Structures are given as structure tokens and as C-alpha cells.
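**Student:** Next comes the sequence, and after it the predicted model I'd like to discuss.
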Amino acid sequence: MIRLHNLTKRYRTAAGVNTVLDNVNVTFPVGKSVGILGLNGAGKSTLVRIIGDAEPPDSGTVIRKGKVSWPLGYTGGFQGNLTARENARFVARIYGESTDYIEQFTQQFSELGDYFDVPLRSYSAGMRSRFAFSVSLACNFDYYLVDEALETGDARYKEKFRLAFEERRATASVILVSHNEQTIRRNCDMAAILHDGHLTLYDDLKDALQFYSFLQTRAA
Amino acid sequence: MHESPLEQDAKLTFADIRDAFSTQARVINALVLRETKTRYGEHKIGFLWAILEPLIMVLVFVGIFSQIRTDSPGGMPLIPFMLSGIVPFTLFRDPMTQMQGAIAQNRQLFAFPQVTTFDVIIARGILEVMILSGVFIFLLAMTDLAGYDINIERPLEVLAACILLAMMGIGFGFAFASISPILPSMKQISAAFLGRPLFLSSGLFFTAEAVPAAARDYLLLNPLMHMLELLRSAFFYEFESAYGSWYYASIWAFCTLAAGLLIHQAMRRRAVVGI
């Protein structure tokens, strides 16, 4: 369960104060995957970072029961002068997972071959992202945060990841930000719309998507 | 009493506190192992250098001193005298300099919510103290094997003095680590005002007894001078200092550590952002 309690977040910009979260109170139920919809600049990514505790809210709290991942595919947490193996073991240690298991799974799933023992800084963007996806998948998270990026690599690798991720979803939930209705429909049980600082949770995916397309046409 | 579901969720239980401590222990352990890799990993000579640097320094100063004076300082044999000044002093200096860059050089780690600024700073301090303790013991053993009898008079007091030195270094380390992301020139400032001047004025190369009384009063304001005097008193049968004060040294060590932690607490949010 993830509960947002009185969350407020504002950004000061040249154009004035932008309130992206205005006293938000929402509970994401256990076992449900939730899509977060919103127009450009509504604050979806900010919300995901706050849920993942990568950024503090101005006020309010997030109550998390269960392990929450960092945004899927995010490579910013890794150290460039350490190898993939060392980075994987580090992640395993801080999350209290078995280092050997995480190392093995990541090595196999990332298909990096000899590069697994080369410092990350010499990786291409694609290799780095494959590594990041594999480590996330190896860890036993209860919640996977996804900010748009839900796939990586070529068609074959995408399919391989999709299948593995689906398997993972038997025990884990997803909180997914996307512009793409198709992605939300495929991965989520329900959806929330972030608009004007308010987050509204819809039990029925159809209602949410309907309201979202209304918002989009109005904005256009 | 009736409680809303939210209050139940937010209540801090014993299990929560235990989890928080075990998470922190896990993170610090992971960071220490990681720092070991990033510090020495790519250059296998790194660990060797940790031993060679103080060894060379001791040999150079022993060489200089044996040329300019014939009597041993305070009745202590020259090589153990230098060793017991230089390596304990690095127990103060190295945590201070190594911890300084902890936040600035590890910023990407804060993407992981369980990694705090405290963790990355203390991990460097722990690594530094572990390395230097190993180096000190190794060099003492080598000196003993080389035929200079190492016979420590009061080992527990030597340990206590080493702990005070490390506490001072860690206290400064926390302060500098929290300030330097906001004030990058902090590194030069600390090197210019603390590193070299203290290296020369903390009694690494002389005892308080040996300096003129007028200078001694000023030198004894320096708590590191007290710590080294106390350390050598406990180390050598030949030497008892009339000047080292445990009280003065401890007050400084505890206050420096407390001040360092307070500065870290006050600055840590700004330090992560870097403004």
C-alpha cells in the first residue's frame, strides 16, 4: 500500500509559483497497478520521484508498505568507474537482497557478456539502460515505478523484458506514468489523473481514460 | 482510544526502528566496500601506497633528524618517535581530507532513498580509520622485526589517544563535507589553514618540553599537541609528558565531533543540491 497524505509541492518559476501537488490525499490499494495520466508539465514525474523518495515534498508524507523501486531504467544512481558487477552487488547490499543472486540474475538477463566486468563509463546508452532494467528486475520490489520508459533494446530484447516483467507483476504492482493510453491500458488496473495540482483516482480505467481524452481536447 | 487508519500507519513501532537501523548498517557497509573499490580498485598499487606514504615520510624525517641532532627527543628512540607522531597524526588528517568530498563526489547515490548524506560521509571516515589502524599496526610490527624493540607501556591509553585524534578528524570531516558542496574553495582553505600548519605545530617532530616556554604556551592551545604528548607518554617507558592533558584533549575531540555533526545536520539539504 502507498498512501499520499496532505502532499504539497510547488516550484517557483519565472512565470510565478507553479503548484504541482496541492494537498493531495490518495491511497493506492494493495495489489493494484496504477497508471498516472496528466498533461505535459502537470507534475507526473515529480509525483513519481516523491513516491520513490528521490525528492522531498514541500509538506505532507508518503507512507509506503513494501519496497519501492527507483524509476525503471534510471541509470543516474550507478557509479561510472565501477563495473556492472560491482554496481549490481552494491544495489543488492543497500536493498538487503542476496548479492550473489542479484549479480547472477543481472549478468544473465542484461546479456552484456564480457562488458559485465568493464566500468560502466565505457558503456553505450543502450547497454547502460539494459543493465539498469536488469538490476530492477532482479530486485524483489513490491512496487515498480515507471516514468515513461518501459522498454529497452531491440525487438527481441523488448519482448524478453516484457515477459519477465509480466511474471514479476504476479507479486509486484506498478505505478506508471505515461502519455500513452495503450501502455496504461496494457499495464494498469486503475488510473489516476493529475491535473491542476489535484490527483483523482478512478477505480475504472475507462472513466479515467475518457476524462483524460477530454482534458487533452480541451488543452488543444 | 480510537485511531484513524492513518495514525496507525504512521505510528513508530519497535520493528520500524530496528528496520531503520539495519537498513543504515547495510547501507554503510555497502558504501565502505564501494569506497574501497573506487579508492584503490583500479590501481592495485593503492593499498601498497597507503603503507608506503607514511613509511617514506618516517624515513625522510628520521634521515633529516639523525643528521642535525645526536640526542634522541625526550629520550625516545628516533624511529619509533617519528612513527608514533606521523601515523597518529594522519588518523586526524586523512579522515578530514577524505570525508571532505563525500557528498560532492557521491551525489548520484542520493537517487537511492535509503542512502543519506550521513552514510556517505561516515563510510569514508570508517574506511580511512580502518586503513590507518592497519597501517599503524603493520609499521609497528615491521619496526619491531627490524630490531627496534617496540614495547608499548600502556596500550589502552595509546588506543584512547588514537580515538581522540580520529574523532577530531571525523568532526572536521563532517563539517567540511557539508560545507564544501556549497563553498568549493573549502578544500584549499582547509589545506592551507589546517593541513600543513598543524602538521608542523602538533608535535610530530618535537616534544612540548623541548620548545621554549614562551612558544610552548601557544603550542599547547593545539589539542593535537596534547593528544600526541599523551600518546607518546603511554607508548614509551622512557617518556612521561608533563604537559598533555586528557581533559583538554577530550573536550576538544567531543566538541569538534558534535560541532561537525551539527553543521552537517544544518547544511545537509543544501549540500545535496549544491546551492
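**Tutor:** Now that the structure is in, tell me what you want to look at.
**Student:** Run through chain A and note the low-pLDDT ranges.
**Tutor:** A:220 (pLDDT under 70).
**Student:** quick one, domains of it?
**Tutor:** A:2-69+A:175-219, A:84-142+A:152-174 (automatic domain parsing).
**Student:** Which helix or strand in chain B has the lowest average pLDDT?
**Tutor:** helix B:5-10 (a mean of 53; mean pLDDT, DSSP states H and E).
**Student:** mind listing what's buried in the next helix or strand along the chain from it?
**Tutor:** Moving toward the C-terminus from helix B:5-10, the next helix or strand (DSSP states H and E) is helix B:14-40. Buried residues in helix B:14-40, counting neighbours by 16 or more other C-beta atoms under 10 Å in any protein chain shown, are found at B:23-24, B:26-28, B:30-37, B:39-40. C-beta coordinates here come from the backbone N, C-alpha and C atoms, glycine included.
**Student:** can you tell me if the helix or strand just after helix B:14-40 touches chain A.
**Tutor:** Counting by DSSP H and E, the next helix or strand C-terminal to helix B:14-40 is helix B:45-68. No. Using C-beta under 8 Å from any C-beta of the partner chain, helix B:45-68 stays clear of chain A, with a minimum separation of 13.2 Å.
**Student:** which of the residues in helix B:45-68 are buried?
**Tutor:** Buried, per 16+ other C-beta under 10 Å, within helix B:45-68: B:50, B:54-55, B:57-58, B:61, B:65.
**Student:** ok, now which ones touch residue 69?
**Tutor:** Reading this off chain A. By C-beta atoms under 8 Å, 6 or more residues apart in numbering or on different chains, the contact set of residue A:69 is A:52, A:136, A:139, A:141, A:143-145.
**Student:** that's the other chain; I wanted chain B
**Tutor:** Residue B:69 touches nothing, counting by C-beta under 8 Å, 6+ apart.
**Student:** Contacts only, for residue B:229.
**Tutor:** B:203, B:207-208, B:241, B:243-244.
**Student:** Model confidence at it, what's the number?
**Tutor:** At residue B:229, the model reports a pLDDT of 94.
**Student:** How many neighbouring residues does the closest residue to it other than its chain neighbours have?
**Tutor:** Of all residues not flanking residue B:229 in the chain, residue B:244 sits nearest, at 3.3 Å (C-beta to C-beta, 6 or more residues apart in numbering or on different chains). Neighbour count for residue B:244, taken as other C-beta atoms under 10 Å in any protein chain shown: 23.
**Student:** which SS class is residue B:244?
**Tutor:** Secondary structure assignment for residue B:244 (DSSP: H, G, I helix; E, B strand; the rest coil): coil.
**Student:** Tell me how far it lies from chain A.
**Tutor:** 42 Å (C-beta to the nearest C-beta, to the nearest Å).
**Student:** Same check on residue B:51?
**Tutor:** Using C-beta to the nearest C-beta, residue B:51 is found at 23 Å from chain A.
**Student:** which ones are touching residue B:116?
**Tutor:** So residue B:116 contacts B:24, B:27, B:268 (C-beta under 8 Å, 6+ apart).
**Student:** quick one: residue A:169 and chain B, what's the gap?
**Tutor:** 22 Å.
**Student:** Can you name the residues that contact that residue?
**Tutor:** A:33, A:187.
**Student:** ok so, going back, now intersect the contacts of residue A:69 with the helices, please.
**Tutor:** residue A:136 (DSSP state H).
**Student:** Looking at the contacts of residue A:69, spot the one nearest chain B.
**Tutor:** For the contacts of residue A:69, the closest approach to chain B (C-beta to the nearest C-beta) belongs to residue A:52, at 6.6 Å.
**Student:** Isn't that closest one up against residue A:68?
**Tutor:** Yes. Here residue A:52 lies in contact with residue A:68, judged by C-beta atoms under 8 Å, at a distance of 5.6 Å.
**Student:** shared neighbours of those two, anything?
**Tutor:** Counting by C-beta under 8 Å, 6+ apart, the residues touching both residue A:52 and residue A:68 are A:145, B:113.
**Student:** where do the helices sit along the chain?
**Tutor:** Answering for chain A, as no chain was given. According to DSSP H, the helices that chain A contains are A:44-51, A:84-94, A:99-110, A:125-138, A:155-168, A:181-187, A:205-219.
**Student:** if you could check chain B rather than the one you did, that'd help
**Tutor:** B:5-10, B:14-40, B:45-68, B:78-100, B:102-105, B:117-145, B:155-179, B:186-190, B:196-201, B:213-219, B:223-235, B:246-273.
**Student:** is it possible to export those to a markdown table including distance to residue A:182?
**Tutor:** Below are the helices of chain B laid out as a markdown table (distance: least, C-beta to C-beta, whole Å):
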| stretch | distance to residue A:182 |
| --- | --- |
| helix B:5-10 | 35 |
| helix B:14-40 | 38 |
| helix B:45-68 | 52 |
| helix B:78-100 | 50 |
| helix B:102-105 | 42 |
| helix B:117-145 | 41 |
| helix B:155-179 | 47 |
| helix B:186-190 | 51 |
| helix B:196-201 | 65 |
| helix B:213-219 | 76 |
| helix B:223-235 | 67 |
| helix B:246-273 | 37 |
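**Student:** Now for the residue nearest to residue B:195 when sequence neighbours are not counted, how many residues are close by?
**Tutor:** Spatial nearest neighbour of residue B:195, excluding adjacent residues (C-beta to C-beta, 6+ apart): residue B:93 at 6.4 Å. Neighbours of residue B:93 under the rule other C-beta under 10 Å: 24.
**Student:** roughly how far apart are residue B:93 and residue B:168?
**Tutor:** Distance, residue B:93 to residue B:168, using C-beta to C-beta, to the nearest Å: 10 Å.
**Student:** got it, and residue B:60?
**Tutor:** 25 Å.
**Student:** does residue A:58 really touch residue A:10, like I thought?
**Tutor:** Yes. Here residue A:58 reaches residue A:10: they are 5.8 Å apart, a contact under C-beta under 8 Å.
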